[in-house]
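Visitor: Just the structure for this:
(one chain, ligands or ions: 2)
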Amino acid sequence: MAGVDLIHLLPDSVANQIAAGEVIQRPASVVKELVENSVDAGATIIQVRLTDAGRTNIQVIDNGQGMSDTDARMSFERHATSKITNPDDLFALHTFGFRGEALASIAAVAQVELRTRRAEDELGTVIHIAGSRIESQEVEMCPVGTNFQVKNLFFNVPARRKFLKSNQTELNNVMAELERVALVHPEIAFMLYHNEVELLNVPQATMRQRIQHLFGKKLGQELLSVEVDTTLVKVEGCVGVPESARKKGAHCFFFVNGRYMRHPYFHKAVMEAYAHLIPSGEQVPYFLYFTVEPSRIDVNIHPTKTEIKFEDEQAIWQILMASVREVLGRSNMAPSIDFDVADCPDIPVASMGSMPLPPKPTVDGSYNPFKQQETPTYQRPSFNWEELYRGVEGSAVGREIRFEDTTPMDDLLWGEMPICKESSVEEKEEDVLLAPAPQEKNTDYYQFKGRYIVTSMKSGLMMVDQHRAHVRVLYQRYLTQLSEHHSASQGLLFPEMLTLPMKHAVMMEGLLDDFASLGFDISNMGGGSFAIQGVPVGIEGLDPAALVEHILVDAIEKGDVLKEEIHRTMALTMARSAAIVVGQVLTVGEMSKLIDELFACEMPTYTPDGKKVFVIVDEDEILKWFK
Ligand code: ADP
Ligand code: MG
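Guide: Ligands and ions are numbered 1, 2, ... in the order given. Predicted coordinates for the structure are as follows:
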């Protein structure tokens, strides 16, 4: 049967409109495409002006390189781009754009005016185009750079117009797109006006200043620098201190090769680094910039998708987690860090190469807390942490800390508080008055309200929560025991029996080795019964059966997770139970020992569950009080 052929090519205007459906969904997509073009054009100032959240008018003005009259016209053609020529270029992208479809798409669904001029041209070009139809092209005087005005978005696609959300939502989307570009290009100034009101005005700046300008000074001060360079990936940027954690709305940004990306898997890696430093479920802000070989990621992604596939995802996960963790460990002695001053905390910190060894679970049998001692008899950790106490001028590296001298000043300061002091009691007033000059003075510890250890240090006065400090110390000790399978156990005269429901008994059997590592000697008697014959040294006064059950239940609650996670839970429960309590009176020797051990920990600043262990009041602050 003869007939007519049915297939024909769609007119450009229709094809472009269909393509536009993919690229341009809302005002924010227009802003994104135009602003990215301005960045690609080498602009140093980019201004965005919106009316009605961009529904009626979106204007993007830049001072970039501009276009010739032919290029201006060409720029609206589909697949017209100046940015790539060969297929190979796709794997070495250094621009945002490369598809050459944004302008064609925008012009298909809006009324567009383009004014542009290159520096070398005397006059510029003005083009009007609407629904893919060029309406006019003229030569006119205009400034160097490009000025796009996009009016009545979706004027010819009413269905699309209806899908737009409230002005606030559309505006938020625009802001989010601008933030993403602004975070990659701090060298460019950005301005955003909505109905003539200035919403954003960030000057040219450094990366860190840009973050502050966008999200506030406070956040800027809560960030720690991350930098790691491996053959697979280079990661730079910063992450928040544990204190910056919040339940919702943390600013989390990943970028890869200068593009924003969403990456839930890598997000988990960052959060994993904070495990036991922040309350679970909370998030920490981060701004992390990845650089990878372009051929190792999927660049040919959908124009509006922000997920990016990496070839070496698992390895990068590990690198990311480890480097964030390292940064947290390295910086944990600086309670507040002002990055405007320097990236290094004021307090000397052990370098990663000489990270202190975790304290060994050795018990010093000769140590009697009730006997006064000249010097503590325990093995000092190899870490030179008394550097912290060094007077500004004095050189006390490696010096043993002694406890003899207190000046009357100290008595005045602390005399009325319930303080536990040592050694100074026998000293006569005159001797004390002749005490050495302050910079040679040795360290004193005071216990305040049976709860805090107060001591002076280089940069001010430090207050340590004794219970939390001990939790941190024990946690690390137990974790080490669990991973190295060594323990110090002491036998019980009368074994304690523990009877468990079947479900718990099964779990218990699986954890017997771990309990042994902690110092528990437990035998399975069958039928859900267990005999506890030995307990860890140092938990005197605790009910062993209750403690074992408590640890077990906490571990079960963790569910079917990594052994490492279960170890952390066990160590934490154990540490919490065994740590010295509030109200326990400590001798100076005990305080000194605890503080030494605390600062030998990888992360002394917070307890494993994210509570602050110590606070330092800056000397400047103290001086201010006495003004
Ligand atoms: P792409 O960015 O993928 O190349 P676009 O459709 O966004 O595609 O832009 C098409 C071309 O128009 C660009 O390759 C560029 O040459 C030119 N162009 C677009 N915007 C600007 C601008 N603000 N300044 C200078 N040239 C521009
Ligand atoms: Mg583009």
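Visitor: so where does residue 168 fall, helix or strand?
Guide: helix 167-184 (DSSP states H and E).
Visitor: Just list what that helix packs against, helices and strands only.
Guide: The contact analysis (3 or more C-beta pairs under 8 Å, 6 or more residues apart in numbering; DSSP states H and E) places helix 167-184 against helix 27-40, strand 45-51, strand 189-194, strand 197-202, helix 207-215, strand 252-256, strand 259-261. Where C-beta positions appear, they are placed from N, C-alpha and C, glycine not excepted.
Visitor: Same list (these) but as a markdown table, adding mean neighbour count, distance to ligand 1 and mean pLDDT.
Guide: Below are the helices and strands packed on helix 167-184 laid out as a markdown table (neighbours: other C-beta atoms under 10 Å; distance: least, C-beta to the nearest ligand atom, whole Å; pLDDT from 0 to 100):
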| stretch | mean neighbour count | distance to ligand 1 | mean pLDDT |
| --- | --- | --- | --- |
| helix 27-40 | 25 | 3 | 96 |
| strand 45-51 | 21 | 9 | 97 |
| strand 189-194 | 20 | 14 | 95 |
| strand 197-202 | 13 | 19 | 91 |
| helix 207-215 | 20 | 21 | 92 |
| strand 252-256 | 19 | 18 | 96 |
| strand 259-261 | 19 | 13 | 92 |
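Visitor: Of all these, which one is nearest ligand 2?
Guide: helix 27-40 (4.4 Å; C-beta to the ion).
Visitor: Next, find the distance separating residue 599 from residue 510.
Guide: 35 Å (C-beta to C-beta, to the nearest Å).
Visitor: More neighbours: which of the two?
Guide: residue 599 (25 against 12; other C-beta atoms under 10 Å).
Visitor: so the more buried one, which of the three states?
Guide: The local conformation at residue 599, judged by DSSP: H, G, I helix; E, B strand; the rest coil, is helix.
Visitor: on that earlier part again, can you list the helices and strands packed on helix 167-184 in TSV and add distance to residue 324?
Guide: TSV is the format used below for the helices and strands packed on helix 167-184 (distance: least, C-beta to C-beta, whole Å):
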stretch	distance to residue 324
helix 27-40	28
strand 45-51	32
strand 189-194	28
strand 197-202	26
helix 207-215	17
strand 252-256	12
strand 259-261	17
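Visitor: right, and those - which one's nearest residue 606?
Guide: strand 252-256 (20.2 Å; C-beta to C-beta).
Visitor: Quick one: name the residues of the protein near ligand 1.
Guide: Counting by C-beta under 6 Å from any ligand atom, the chain comes close to ligand 1 at 33, 37-38, 41, 62, 64-67, 75, 80-83, 97-103, 146.
Visitor: The residues you listed, buried ones only, as a PyMOL selection?
Guide: Of these, the buried ones can be selected in PyMOL as follows, counting by 16 or more other C-beta atoms under 10 Å:
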select buried, resi 33+37+38+41+62+64+65+66+67+75+81+82+97+98+99+100+101+102+103+146
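Visitor: So which of the residues of the chain next to ligand 1 belong to helices?
Guide: Using DSSP state H, the subset of the residues of the chain next to ligand 1 located in helices is 33, 37, 38, 102, 103.
Visitor: Quick check: the last one touching residue 75?
Guide: This means residue 103. Yes. Using C-beta atoms under 8 Å, residue 103 is in contact with residue 75, at 5.0 Å.
Visitor: Residue 511: what's it in contact with?
Guide: Shown in contact with residue 511 (C-beta atoms under 8 Å, 6 or more residues apart in numbering): 552, 555, 566, 570.
Visitor: Quick check: the two most widely separated of those?
Guide: Taking C-beta to C-beta, no two of the contacts of residue 511 sit farther apart than 552 and 566, at 10.3 Å.
Visitor: so what's residue 501 scoring on pLDDT?
Guide: Predicted confidence (pLDDT) for residue 501: 80.
Visitor: doesn't residue 528 make contact with it?
Guide: Yes. Residue 501 sits in contact with residue 528 when judged by C-beta under 8 Å, with a separation of 6.7 Å.
Visitor: between those two, who's got more neighbours?
Guide: residue 528 (16 against 8).
Visitor: Please state the backbone phi and psi of the more buried one?
Guide: phi 80, psi 10 (degrees, to the nearest 10).
Visitor: For it, which non-adjacent residue is spatially closest?
Guide: Nearest residue to residue 528 in three dimensions, chain neighbours excluded: residue 505, at 4.1 Å (C-beta to C-beta, 6 or more residues apart in numbering).
Visitor: Check the gap between that neighbour and residue 512 for me.
Guide: 11 Å.
Visitor: Out of the contacts of residue 511, the closest to residue 264 would be?
Guide: Distances from residue 264 to the contacts of residue 511, taken by C-beta to C-beta, are shortest for residue 566, at 24.2 Å.
Visitor: partner strands of the helix or strand harbouring residue 228, parallel or antiparallel?
Guide: Residue 228 is part of strand 223-229 when elements are defined by DSSP H and E. The pairing partners recorded for strand 223-229 under DSSP bridges are strand 234-240 (antiparallel).
Visitor: what's the burial count for residue 231?
Guide: Residue 231 has 8 nearby residues by other C-beta under 10 Å.
Visitor: isn't there a strand covering it?
Guide: No. Secondary structure of residue 231 (three-state DSSP): coil, not part of a strand.
Visitor: Please name the residues that touch it.
Guide: Residue 231 touches nothing, counting by C-beta under 8 Å, 6+ apart.
Visitor: Look up how far residue 254 lies from it.
Guide: Noted for residue 231: a distance of 20 Å to residue 254, by C-beta to C-beta.
Visitor: gap between the closest residue to ligand 1 within the chain and residue 27?
Guide: Nearest to ligand 1, among the residues of the chain, is residue 97, at 2.0 Å (C-beta to the nearest ligand atom). With distances taken as C-beta to C-beta, residue 97 is found 19 Å from residue 27.
Visitor: Also residue 62?
Guide: For residue 62, the distance to residue 27 - C-beta to C-beta - is 18 Å.
Visitor: Pick out the residue in the stretch 151-300 of the chain sitting closest to ligand 2.
Guide: residue 181 (12.0 Å).
Visitor: So that residue is in contact with residue 33, correct?
Guide: No. Here residue 181 lies out of contact with residue 33, judged by C-beta under 8 Å, at a distance of 10.8 Å.
Visitor: Which residues of the stretch 451-600 of the chain lie near ligand 2?
Guide: For the stretch 451-600 of the chain, no residue is in contact with ligand 2 (C-beta under 5 Å from the ion).
Visitor: For the residue in the stretch 401-550 of the chain that ligand 2 sits nearest to, grab phi and psi.
Guide: In the stretch 401-550 of the chain, no residue comes nearer to ligand 2 than residue 459, which is 50.7 Å away by C-beta to the ion. Residue 459 adopts backbone torsions of phi -100, psi 0, taken as degrees, to the nearest 10.
Visitor: low-scoring stretches of this structure, by residue?
Guide: 1-2, 90-92, 299-304, 332-442, 559-562 (pLDDT under 70).
Visitor: Quick check, central residue of it?
Guide: Note on the chain: the residue nearest the mean C-alpha position is residue 239, at 2.9 Å, using C-alpha atoms, centre = their mean.
Visitor: show me the contacts for the closest residue to that one other than its chain neighbours.
Guide: Of all residues not flanking residue 239 in the chain, residue 286 sits nearest, at 4.3 Å (C-beta to C-beta, 6+ apart). Going by C-beta under 8 Å, 6+ apart, residue 286 touches 237, 238, 239, 240, 251, 252, 253, 254, 270, 324.
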